[in-house]
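Chemist: Whatever this is, show me its structure:
(2 chains)
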Amino acid sequence: MSERKNDEFISYELKEFKLFEPLFRWARKKSLWIVAFCTGCGGIEMPPLATARYDFERFGIMPNPAPRMGDLFLITGYVTPKTLKRIIITYEMMQDPKYVLAHGSCPINGGVYWDSYNVVKQLDKYIPIDVAIAGCMPRAEAVMQGIMDIIRKIENGEADGWKRYRENYEWYRKNQDELFGEGWREKDAKRWLAWL
Amino acid sequence: MFDWKLALEAIGMVIYATFMGFIFMGIERKAMARIQRRIGPPIYQPIIDTLKLLGKKESVSHGLIYDFGPVFALGASITALLFIPIANFQLFSSNADLIVVAYLLEVPMLGIMLGAMSSGNPYSALGVQRGLLTMVAMQLPYGLALIALIQHWGTFKLSNIVALQQVHGWSITVPALLLAFIVFDIVFQALLGLEPFDIVSAPAEISMGPMVEYGGKHAALLFTQHAVQLFAETAFFAVLFLGGASNLLELLVKQIAVLFIAIFVASIYPRFTIDQAAKFFWKWPTIIGIIAVLLTM
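Modeler: Residues are numbered from 1 along each chain as shown, chains lettered A, B, ... in the order given. Just a heads-up that it's a prediction; the model follows:
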């Protein structure tokens, strides 16, 4: 997969918009809207980022509670199977292109919950992560650095988590089904999202 | 006989209004940020946001009415814009265009609600319910302010009101109309969906209210609609109370003055709940409005 160039992936965009792709890429990096899934202890790092001290709005980043409009999905802390169901559904509700930023050690390898029976050790098996920030808990500067990394990756076209999710959907689906059992979408997600 | 000059003028006006509306939205965000001692986004940030939303690779649709809602809202906003005399240019004119504009400015909210309801999301439904209640609550003071104005100037035509203000001084120099101005300014806050009355799209409370299901190109259309709406509403305010304008620059200064009043009020007041808002609208603005109407009799 790595020898294929980035643009040779299955093209999801319309042919007419191909011409404007550089413009859209510029706009995407300048306006990231955050859907923050504040699990665990990372949520408390968000207020300093949004308020006068670090002020991420100067880069056009805006907290946005609606997943349909969001671009950047923040997962701030450990993930249990119960929250993972919600994370997957929210991730699938977001519209392409979408990026995932994982805070802290817990989504990478379990962190301090390395031997817990009820924590998902490796989030990357279930949804694709674009940038992960190590640390327990990363400070606001580190989160800012992670967001800058995302912006740099969007600029280069390397932030392709949403493409990987489409390419390898069966693999991700298999991992999810192994954890939750077959048919969890029909059983649980239909109950939460009855209008879909 | 097709009038090319008029058509070009209308298209130019819509493009200018959209662009300036985006800049107004940027000014709004920048000023809010400066008041909170932040640096804030660049002034053209809403244009970037709209471009990004247009560049989304997929856009979920929930059916025909869902797609129709934003188009309906945008159409109503543009129609309202073309009825307002913007610096000697007014495409449509009728004997009662004040009433037409006053109600066309409320139609976009109905369009958004039409689309939002058809998505079936419970947050949308809650937002729509709150929006309709706010609209019902603000009708009474809104109507009273306009009645006071019409009664004083004795005409329903916007261009006549502008002409009369050029001769006799601005509306706000008349004591009775100053009261009407205060009422209209309170209602204006609700029309723009700003802070004391941003119950409709209460961001931390019910997600984004009616907009929660919209994403991608639909949301870009709604952003454009909001820009045109912002321009039209500030222009309507300037025409009614600040003496209109003879050129675009004068109008721009008045519009920005109106916008800054709204921003300053929005940045210091917290949000009402829906029952408090309705109670407020039917108490103080209504009383002031009735006094204004009685004074103009």
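Chemist: ok, the residue positioned nearest the centre of chain B to residue B:276 distance?
Modeler: Nearest residue to the geometric centre of chain B (Cα atoms, centre = their mean): residue B:233, 3.9 Å. Plainly put, residue B:233 is 24 Å away from residue B:276 if you go by Cβ to Cβ, to the nearest Å. Any C-beta I mention is one placed from the backbone N, CA and C, and that applies to glycine too.
Chemist: And for residue B:84?
Modeler: 32 Å.
Chemist: likewise residue B:113?
Modeler: Residue B:113 sits 22 Å away from residue B:276, going by Cβ to Cβ.
Chemist: Now the lowest-mean-pLDDT helix or strand in chain A: buried residues?
Modeler: Every helix and strand of chain A was ranked by mean pLDDT, DSSP states H and E. The lowest is helix A:190-192, at a mean of 72. Within helix A:190-192, no residue counts as buried by 16 or more other Cβ atoms under 10 Å in any protein chain shown.
Chemist: does any part of it sit near chain B?
Modeler: No. Contact of helix A:190-192 with chain B (Cβ under 8 Å from any Cβ of the partner chain) is absent, the minimum separation being 10.5 Å.
Chemist: From the chain's centre, how far out is that helix? Work that out for me.
Modeler: The chain centre lies 22 Å from the centre of helix A:190-192; the measure is Cα atoms, centre = their mean, to the nearest Å.
Chemist: sorry, back to before: quick one: which of residue B:113 and residue B:276 has more around it?
Modeler: Taking neighbours as other Cβ atoms under 10 Å in any protein chain shown, residue B:113 and residue B:276 compare with residue B:113 leading, 23 against 13.
Chemist: the helices in chain A, which residues?
Modeler: With DSSP state H as the criterion, chain A has helices at A:21-30, A:46-50, A:81-93, A:106-109, A:140-156, A:161-167, A:169-180, A:184, A:190-192.
Chemist: what's the offset of the first one from the middle of its chain?
Modeler: The one in question is helix A:21-30. 19 Å.
Chemist: hmm, who's touching it?
Modeler: A:13, A:17, A:59-60, A:71, A:97, A:151, A:154-155, A:157, B:45, B:48-49, B:51-52, B:54-55 (Cβ atoms under 8 Å, 6 or more residues apart in numbering or on different chains).
Chemist: Can you say which of these are buried?
Modeler: A:13, A:59-60, A:71, A:97, A:151, A:154, B:45, B:48-49, B:51-52, B:54-55.
Chemist: tell me which element the nearest residue to residue B:73 once chain neighbours are set aside falls in.
Modeler: Leaving aside its chain neighbours, residue B:73 sits nearest to residue B:111 (3.3 Å; criterion: Cβ to Cβ, 6 or more residues apart in numbering or on different chains). Assigned by DSSP states H and E, residue B:111 falls within helix B:107-119.
Chemist: what helices or strands is that helix leaning on?
Modeler: The contact analysis (3 or more Cβ pairs under 8 Å, 6 or more residues apart in numbering or on different chains; DSSP states H and E) places helix B:107-119 against helix B:64-83, helix B:122-153, helix B:217-241.
Chemist: Columns mean pLDDT and distance to residue B:263 on top of those, output as CSV?
Modeler: As requested, the helices and strands packed on helix B:107-119 are exported to CSV (pLDDT from 0 to 100; distance: least, Cβ to Cβ, whole Å):
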stretch, mean pLDDT, distance to residue B:263
helix B:64-83, 88, 20
helix B:122-153, 87, 19
helix B:217-241, 89, 11
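Chemist: would TSV of these with distance to residue B:289 be doable?
Modeler: Putting the helices and strands packed on helix B:107-119 into TSV (distance: least, Cβ to Cβ, whole Å) gives the following:
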stretch	distance to residue B:289
helix B:64-83	22
helix B:122-153	3
helix B:217-241	14
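Chemist: Comparing those, which comes out most buried?
Modeler: Comparing the helices and strands packed on helix B:107-119 by mean neighbour count (mean count of other Cβ atoms under 10 Å in any protein chain shown), helix B:217-241 ranks first with a mean of 24.
Chemist: how about stretch B:290-297: buried residues?
Modeler: Within stretch B:290-297, the residues scored as buried using 16+ other Cβ under 10 Å are B:290, B:291, B:292, B:293, B:295, B:296.
Chemist: Would you mind listing the residues in contact with the last one?
Modeler: When contacts are counted by Cβ under 8 Å, 6+ apart, residue B:296 touches B:148, B:151, B:152, B:176, B:177.
Chemist: ok, now with 7 Å
Modeler: By Cβ atoms under 7 Å, 6 or more residues apart in numbering or on different chains, the residues touching residue B:296 are B:148, B:151, B:152, B:176.
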